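*Asks:* quick one: sequence and predicted model below, then my questions.
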Amino acid sequence: MFAHMAFIKDILLGAEKRKADLKLMCQELEIEPFELYQSDIKVSFEKAVNAWDIAINHTGDQLLGLHLGEQTNPSILGLVGYLMQSCPNLLEAYKSVCSFSIIASDMFTYSLSIIGMEARLVYEPCTPWIRTSEQSARQGVEQAMAGTLNVFKILAGKNIYPQRVQFAHNRRQDLPEYERVFHAPIQWDTPFNALIFTEDQLRSPVVSYDESLMGVFCELIKKRFEKIASESFEDQIKREIMTTFKGQLPSIDSMAARFNLTVRSFQRKLEGENLSYRQICHGLGRDFATSLLTDKRIKVTEVALALGYSDTRAFHRAFKQWTGKSPDQFRKEQGLN
């Protein structure tokens, strides 16, 4: 499971506006502040969950998700957000989220059902998220639902409030704050997290509707999907290591979790491509290491750390296994000593 850095940025910068220390939050999350602006970088499920916990601890705001949602704009969804802004009406804009949100994150599922004159917009965090951190899952739900209202306001150029709001979690004590944000009756302990509108409300036109741009963004998103679909499992794993783990070689447990698989299922899927995780790591480790070692300004100890080896001796053993020579021998052969 994953989210893009844009989500982390939204949480931490929102917390900073509430007097939280951005640098300190980034340190706790083990990222650099400048990385927040690399919106397309994928971040792990664990980091996304931790971002919520850290932001709440630093702000003391138990309704942080609700309050951040009030400031949400379409750009948080990347290409999908741009597509929303070019759709003819709010209904089509939300349908685009339901169809393509997986590009931005797989931590959430969005769905739409129309029954009679009512349109129900449903928001469901993935089961592992709920099991891992019910608090942050609730914050994510409330941000998404309050955020929908602000996005609709931006798209339609006016406030569009639901007929009622349904939350799957328990009733909160801060009911007036929820009523202030949603301007609608709140129902708790329901089967779904949902915003209920009339269908006519969602037929409200999008002020920035542009049919030609809609076609452009649809085509770009389609190409993104095709690229993902055409990737072998090996390619997907390599992409995850490069983007999420920044070149470090994670354990098989960590990588299996990224694909929401057990270790055994992960191994079986690789066996279907006549591969093992060890082979992939060896190949990437060799490529990363030899690339870094060709820069004689970088010390061997720094190369080891870059690849996730805290023990330089372990890196020496691994490098010899990959190439048949030590890092020093490799550099000598390259004329770099």
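*Replies:* Perfect, I can see it now. Residues are numbered from 1 along each chain as shown.
*Asks:* below-threshold pLDDT in the stretch 151-300 of the chain: ranges please.
*Replies:* 227-230, 242-247 (pLDDT under 70).
*Asks:* same deal with the stretch 1-150 of the chain?
*Replies:* Checking the stretch 1-150 of the chain against pLDDT under 70 turns up 1-2, 39-40, 104, 128.
*Asks:* ok, now with 90
*Replies:* Across the stretch 1-150 of the chain, the ranges flagged by pLDDT under 90 are 1-7, 30-49, 75-80, 98-109, 124-136.
*Asks:* tell me where it has strands.
*Replies:* In the stretch 1-150 of the chain, the strands defined using DSSP state E, counting those that start in this stretch lie at 2-4, 42-44, 108-115, 118-125.
*Asks:* so which of those strands is nearest Leu90?
*Replies:* Closest of these to Leu90 is strand 118-125, at 9.3 Å (criterion: CB to CB). Placement of C-beta: from N, CA and C, glycine included.
*Asks:* tell me which of the strands of the stretch 1-150 of the chain lies nearest to Gly335.
*Replies:* strand 42-44 (37.6 Å).
*Asks:* ok, Glu16 - contacts?
*Replies:* Leu22, Met25 (CB atoms under 8 Å, 6 or more residues apart in numbering).
*Asks:* distance-wise, check it relative to Ala55.
*Replies:* The gap separating Glu16 from Ala55 is 9 Å, by CB to CB, to the nearest Å.
*Asks:* intersection of neighbour lists for these two?
*Replies:* Met25.
*Asks:* quick one on the thing from earlier: out of the strands of the stretch 1-150 of the chain, which gets nearest to Met255?
*Replies:* Comparing these by CB to CB, strand 42-44 comes nearest, at 10.4 Å.
*Asks:* so what secondary structure elements neighbour that closest one?
*Replies:* Applying 3 or more CB pairs under 8 Å, 6 or more residues apart in numbering; DSSP states H and E, one finds that strand 42-44 contacts strand 2-4, helix 5-16.
*Asks:* now distance to Arg331 too, for the ones you listed, in a markdown table please.
*Replies:* As requested, the helices and strands packed on strand 42-44 are exported to a markdown table (distance: least, CB to CB, whole Å):
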| stretch | distance to Arg331 |
| --- | --- |
| strand 2-4 | 36 |
| helix 5-16 | 35 |
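*Asks:* only alpha carbons, please: show stretch 109-127 as CSV.
*Replies:* Extracted in CSV, the C-alpha atoms of stretch 109-127 (Å, rounded to 0.1, in the frame of the first residue of the first chain):
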residue,chain,number,x,y,z
THR,A,109,-11.6,3.3,-1.9
TYR,A,110,-14.1,5.8,-3.3
SER,A,111,-17.5,4.7,-4.6
LEU,A,112,-20.8,6.2,-5.8
SER,A,113,-24.3,4.8,-5.8
ILE,A,114,-27.5,6.6,-6.9
ILE,A,115,-30.7,5.4,-5.4
GLY,A,116,-33.8,7.2,-6.5
MET,A,117,-33.0,10.9,-6.2
GLU,A,118,-30.1,10.5,-3.8
ALA,A,119,-26.4,10.1,-4.6
ARG,A,120,-24.3,8.5,-1.9
LEU,A,121,-20.5,9.2,-2.0
VAL,A,122,-18.7,6.5,0.0
TYR,A,123,-15.2,6.6,1.5
GLU,A,124,-13.6,3.5,2.8
PRO,A,125,-10.0,3.2,4.2
CYS,A,126,-8.4,-0.1,3.5
THR,A,127,-8.7,-2.8,6.1
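*Asks:* many thanks, have a good one.
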